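K.L.:
what follows is a protein structure lacking sequence information:
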């Protein structure tokens, strides 16, 4: 029988992790192909639109997931489930690290640009290839964490 802490924390972890992974999968399936296909000025405009909506949302989901996973890794009532939740911690921390060091700086730089007056060297500095690759990495990390959290949930239901 799950403890009260597990019963309260586990649904929040699965929700937060599922939302984060879902946003990133959605970005990979739709947002990123759109951004990659646009001419530079339209890309800057569209990227700024997306970034201002996801940047406040994703940190809450990631921090909620990693905090909840740590709580569950320490307190889940079933040993194998604790290991599953513990496995989520470094996966989400890695996704946070990628976000903070790779994607967020690009998001800030792109938001600072005027789509009507792009830098003359924008073609050389176009951040899309790097941003897309790192976004794919953090997507895979978030989905892998969701898999470990679903495994932990399944182990607790067994």
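P.N.:
Ah, there it is. In this text the structure is predicted, and so the values were computed from the model without any measurement.

K.L.:
what residues does the strand or helix carrying residue 9 touch?
P.N.:
Assigned by DSSP states H and E, residue 9 falls within helix 4-26. With contact meaning C-beta atoms under 8 Å, 6 or more residues apart in numbering, helix 4-26 is reached by 2, 54, 57-58, 60-62, 64-65, 68-69, 71-72, 75-77, 85, 88, 92, 95, 135, 138-139, 142-143, 145-146, 149-150, 152-153, 156. C-beta here means a position set from N, CA and C on the backbone, and glycine is covered the same way.

K.L.:
quick one: contacts for residue 110?
P.N.:
Residue 110 sits next to 44, 47-48, 51, 127 when contact means C-beta under 8 Å, 6+ apart.

K.L.:
which other helices and strands contact the strand or helix carrying residue 138?
P.N.:
Using DSSP H and E, residue 138 maps to helix 128-157. Of the remaining helices and strands, those touching helix 128-157 by 3 or more C-beta pairs under 8 Å, 6 or more residues apart in numbering; DSSP states H and E are helix 4-26, helix 32-37, helix 40-75, helix 79-98.

K.L.:
roughly how far is the last one from the heart of the chain?
P.N.:
By that I understand helix 79-98. Chain-centre distance of helix 79-98: 13 Å, with C-alpha atoms, centre = their mean, to the nearest Å.

K.L.:
would you mind measuring from the residue sitting furthest away from the middle of the chain to residue 44?
P.N.:
Here the centre of the chain is the reference, and by C-alpha atoms, centre = their mean the most remote residue is residue 120, at 32.0 Å. Residue 120 is 14 Å from residue 44, where distance means C-beta to C-beta, to the nearest Å.

K.L.:
check the residue lying closest to residue 144 once chain neighbours are set aside and give its pLDDT.
P.N.:
Spatially, and ignoring its direct neighbours in sequence, residue 144 is nearest to residue 91 (5.1 Å; C-beta to C-beta, 6 or more residues apart in numbering). Per-residue pLDDT puts residue 91 at 98.

K.L.:
what distance do you get for residue 91 to residue 62?
P.N.:
Taken as C-beta to C-beta, the span from residue 91 to residue 62 is 10 Å.

K.L.:
look up the closest residue to the residue most central in space within the chain, ignoring the ones flanking it.
P.N.:
The chain has residue 20 as the residue nearest its centroid, 4.9 Å off, counting by C-alpha atoms, centre = their mean. Leaving out its chain neighbours, the residue that sits closest to residue 20 by C-beta to C-beta, 6+ apart is residue 61, at 3.8 Å.
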